[in-house]
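1. 3D model of this:
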Amino acid sequence: MRIRATVAAVTGALALSALVVPAVAQAADDTRPSFGATVGDTTADLKAGLKADASAARSGASVKAAAALDVTVSGVTVNNNKDVVVGTTGSYTVPLTYTLNHTGDLGAYGTAAMIYHGTSVEDATWGFASDDAAACTEVSSTALKCSTTVTFLPDELINTDAGTWRVGVVVVTEDDEKLLENVGTRKVLRTSKVTVNAAPEPVKKGATLTITGKLTRADWDTSKYVGYGSQSVVLQYRAKSSSTYTNVKGIKSTSTGALKTTVKASADGYYRFVFNGSPTGGKATATGDYIDVQ
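-> Now for the predicted structure:
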């Protein structure tokens, strides 16, 4: 499902989908339903549930007219302020926290967060929301600290989704509802992998070592890892007696992601390739390959 969420009210836990927003056109080769078309449909259910629970709790007591919902969001963090790096299989669940600032008494309320690719919910091409309500704790008379999780599903992503995503928060009370867009950002990247092999093994001191490997990146369109070409990669070396790697040289991957370079063997130690990431690919470090120098 594109967007799924439940929002917990003060009086109970109820199903949520966010505010209904217009559907927008997507790229011709993107056959997924628009994010806007799927962010909706159950806010009314949530509001109805809130009103029903509140009515039962009041047992017929009179109800005061509610003020307009006046809320803002601050202090958003996604994945502990680290890039969200998604591979080709499984699921990737990350924490999302925010502070919900309000004026007056919210009464019964529910809130949930979403993260989407696009400048707004209306033009977003894809997004995910938490399956459960955000758990909120009062930190002052006008602020709630809220936390939840969002799960990314690689089989629902396409390659053009990689990049900067934005955070939205929905708040619902008995009498009002509000969608707060673009309250935070986080990069969502395709997982990169890099391998290394140093040969020959063993090698004589002063002889030439050939270091090879391959850089690949998750292809969300095909659910496979494919060669990542024309990318800068650093060869590093760590002496057997050391715990620290040092840079040896930088090289670029070929069009197919292949890596190859040579060095002179000097002492027993480990070689590895390090990729520092790109605007769409996450960072990657190969496991060091040990060389016995004789």
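2. show me where the stretch 151-294 of the chain dips below the pLDDT cut-off.
-> Residues of the stretch 151-294 of the chain meeting the criterion pLDDT under 70: none.
3. can you give me the strands in it?
-> 163-173, 177-190, 192-194, 197-199, 208-219, 224-227, 232-239, 246-252, 258-264, 269-275, 284-285, 289-291 (DSSP state E, counting those that start in this stretch).
4. let's have the ones you listed in TSV, adding distance to V139 and mean neighbour count.
-> C-beta: built from backbone N, CA, C; applies to glycine. Formatted as TSV, the strands of the stretch 151-294 of the chain follow (distance: least, Cβ to Cβ, whole Å; neighbours: other Cβ atoms under 10 Å):
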stretch	distance to V139	mean neighbour count
strand 163-173	16	22
strand 177-190	17	19
strand 192-194	38	23
strand 197-199	53	16
strand 208-219	38	21
strand 224-227	43	15
strand 232-239	44	18
strand 246-252	45	12
strand 258-264	50	14
strand 269-275	40	22
strand 284-285	39	19
strand 289-291	50	18
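5. tell me which of these lies nearest to N79.
-> Nearest of those to N79, taken as Cβ to Cβ: strand 177-190 at 6.4 Å.
6. tabulate the strands of the stretch 151-294 of the chain (JSON lines), appending distance to K82.
-> Putting the strands of the stretch 151-294 of the chain into JSON lines (distance: least, Cβ to Cβ, whole Å) gives the following:
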{"stretch": "strand 163-173", "distance to K82": "13"}
{"stretch": "strand 177-190", "distance to K82": "8"}
{"stretch": "strand 192-194", "distance to K82": "15"}
{"stretch": "strand 197-199", "distance to K82": "30"}
{"stretch": "strand 208-219", "distance to K82": "17"}
{"stretch": "strand 224-227", "distance to K82": "21"}
{"stretch": "strand 232-239", "distance to K82": "21"}
{"stretch": "strand 246-252", "distance to K82": "23"}
{"stretch": "strand 258-264", "distance to K82": "26"}
{"stretch": "strand 269-275", "distance to K82": "17"}
{"stretch": "strand 284-285", "distance to K82": "15"}
{"stretch": "strand 289-291", "distance to K82": "27"}
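7. can you list the low-confidence ranges for the stretch 1-150 of the chain?
-> 1-29, 33-67.
8. the helices in it, which residues?
-> Remark: helices assigned in the stretch 1-150 of the chain by DSSP state H, counting those that start in this stretch are 35-38, 43-58.
9. wait, which of the strands of the stretch 151-294 of the chain is closest to E122?
-> strand 177-190 (8.6 Å).
10. quick one: contacts for the nearest residue to T137 once chain neighbours are set aside?
-> The shortest distance from T137 to any non-neighbouring residue, by Cβ to Cβ, 6 or more residues apart in numbering, is to K145 (5.1 Å). Residues near K145 by Cβ atoms under 8 Å, 6 or more residues apart in numbering: T97, T99, L100, C136, T137, V139.
11. okay, now G104: neighbour count?
-> 12 (other Cβ atoms under 10 Å).
12. V139 too?
-> For V139, using other Cβ under 10 Å, the count is 11.
13. I'd guessed it sits against L100; true?
-> No - using Cβ atoms under 8 Å, V139 makes no contact with L100, being 9.8 Å away.
14. could you measure from the residue most central in space within the chain over to A286?
-> Residue closest to the mean C-alpha point of the chain, counted by Cα atoms, centre = their mean, is V84 at 3.5 Å. Distance, V84 to A286, using Cβ to Cβ, to the nearest Å: 22 Å.
15. so T287 makes contact with F273?
-> No - in this structure T287 lies outside contact range of F273 using Cβ under 8 Å: 10.1 Å.
16. intersection of neighbour lists for these two?
-> Common neighbours of T287 and F273 (Cβ under 8 Å, 6+ apart) are V196.
17. re the thing from before, now, the contacts of K145 that are in strands?
-> T97, T99, L100, C136, T137, V139 (DSSP state E).
18. E156 is nearest to which of the strands of the stretch 151-294 of the chain?
-> strand 177-190 (12.0 Å).
19. kindly export that closest one (C-alpha atoms) in CSV.
-> The C-alpha coordinates for strand 177-190 follow below in CSV (Å, rounded to 0.1, in the frame of the first residue of the first chain):
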residue,chain,number,x,y,z
GLU,A,177,-7.9,18.6,10.9
LYS,A,178,-4.6,20.0,9.6
LEU,A,179,-1.9,18.7,7.3
LEU,A,180,1.5,20.3,7.9
GLU,A,181,3.8,19.8,4.8
ASN,A,182,7.5,20.1,4.4
VAL,A,183,8.4,20.2,8.1
GLY,A,184,11.6,18.4,7.6
THR,A,185,13.8,16.6,4.9
ARG,A,186,15.9,13.5,4.6
LYS,A,187,17.8,11.9,1.8
VAL,A,188,16.6,8.5,0.7
LEU,A,189,19.3,6.7,-1.3
ARG,A,190,19.9,3.5,-3.2
